[in-house]
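J.: compute the structure for the input listed below.
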Amino acid sequence: MMTNLFSVFDPTSSLFNFSLNWISTILGLMMIPYTYWLAQSRIHFTWNNILLKLHIEFKTLLGPGGHSGSTLFFVSMFSFILFNNFMGLFPYIFTSTSHLAMTLTMSLPLWFSFMLYGCINHAQHMLAHLVPQGTPPMLMPFMVCIETISNIIRPMTLAVRLAANMIAGHLLLTLLGNTGTSMMYILMPILLITQILLLILEAAVAAIQSYVFAVLSTLYSSEVN
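T.: Numbers count the residues shown, from 1 in each chain. Model (predicted):
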């Protein structure tokens, strides 16, 4: 039972000894060149408006100290995570963002580059962040330890938050889907409606988690500027 349940998250299935599951991650990159040859549609116009709103919001979060063009990176990260989250909602498509190997690959180098940049260029500013303003002198050593630990676990919290939310919804959909074979026909419409509602919820979670990942990365970047 458990092997079948978690097999949807298994990245080891292969064809001719070559793992094909991770190909779903780069399908979006393959479709990008074709968008330049497509006429403007309402979907294209809506997506451009969403990206423009995100650009304005990320620019506000970065503040005046943010580098020009840095919002492009965070908007691209949002688009990449959103595409992979939505790809996992289709049947028989591998959900790459439900694995820590994928999420840690995005969060760990990002956090390390922020820390390295801050230590080299704004070391005094980063050390001042370890002690919040108004902290009593007796509590300063404890606050330094707490702030240091919370700073170190940031990439893990980013990765685990995204992976756990993707896994939780998919497991719930799989568990309810497996009960359909042993359920009475009278209850089948209820199961179908429940699955549709959960799928809508998963679509909302996919968008929200990609937004949260991008916003938190932007906030971490703004702290080192």
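
J.: list the buried ones in the helix or strand harbouring Ile196?
T.: Using DSSP states H and E, Ile196 sits in helix 188-223. Buried residues in helix 188-223, counting neighbours by 16 or more other C-beta atoms under 10 Å, are found at 198, 202, 205-207, 209-210, 212-218, 220-222. (C-beta placed from N, C-alpha, C; glycine too.)

J.: then stretch 153-173?
T.: Along stretch 153-173, these residues count as buried under the neighbour rule (16+ other C-beta under 10 Å): 154-155, 158-159, 161-163, 165-167, 169-170, 173.

J.: those strands in the protein, which residues are they?
T.: 14-15, 18-19 (DSSP state E).

J.: the first one - what's its average pLDDT?
T.: Averaging pLDDT along strand 14-15 gives 55.

J.: show me the contacts for Gln209.
T.: Residues near Gln209 by C-beta atoms under 8 Å, 6 or more residues apart in numbering: 81, 85, 161-162, 165-166.

J.: and with 7 Å instead?
T.: Counting by C-beta atoms under 7 Å, 6 or more residues apart in numbering, Gln209 touches 85, 162, 165.

J.: Leu158 too?
T.: 107, 213, 216.

J.: just Thr97 next, same as before
T.: Applying C-beta under 7 Å, 6+ apart to Thr97 gives the contacts 81, 84-85, 88, 103, 162-163, 166.

J.: Val75 now?
T.: Neighbouring residues of Val75 by C-beta under 7 Å, 6+ apart: 51, 54-55, 58.

J.: want to throw the buried residues of stretch 153-173 into CSV with pLDDT and distance to Phe112?
T.: Formatted as CSV, the buried residues of stretch 153-173 follow (pLDDT from 0 to 100; distance: C-beta to C-beta, whole Å):
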residue, pLDDT, distance to Phe112
Arg154, 89, 10
Pro155, 90, 8
Leu158, 91, 12
Ala159, 92, 13
Arg161, 91, 18
Leu162, 91, 18
Ala163, 90, 19
Asn165, 90, 23
Met166, 89, 23
Ile167, 88, 25
Gly169, 85, 30
His170, 83, 29
Leu173, 84, 35
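
J.: with distance to Thr194 added, can I get those residues in CSV?
T.: Converted to CSV, those look like this (distance: C-beta to C-beta, whole Å):
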residue, distance to Thr194
Arg154, 36
Pro155, 35
Leu158, 31
Ala159, 30
Arg161, 25
Leu162, 25
Ala163, 24
Asn165, 19
Met166, 19
Ile167, 19
Gly169, 13
His170, 15
Leu173, 10
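
J.: can you pick out the most distant pair from these?
T.: By the measure C-beta to C-beta, Arg154 and Leu173 form the most distant pair in the buried residues of stretch 153-173, at 29.9 Å.

J.: the helices in the protein, which residues?
T.: Counting by DSSP state H, the segments of the chain that form helices are 2-6, 27-35, 42-62, 70-87, 100-121, 123-128, 140-152, 154-178, 188-223.

J.: tell me the spacing between Phe86 and Phe74.
T.: Note on Phe86: its distance to Phe74, by C-beta to C-beta, to the nearest Å, is 19 Å.

J.: between these two, point out the one with more neighbours.
T.: Ranked by neighbour count (other C-beta atoms under 10 Å), Phe86 and Phe74 place Phe74 first, with 23 against 18.

J.: good, we can wrap up now.
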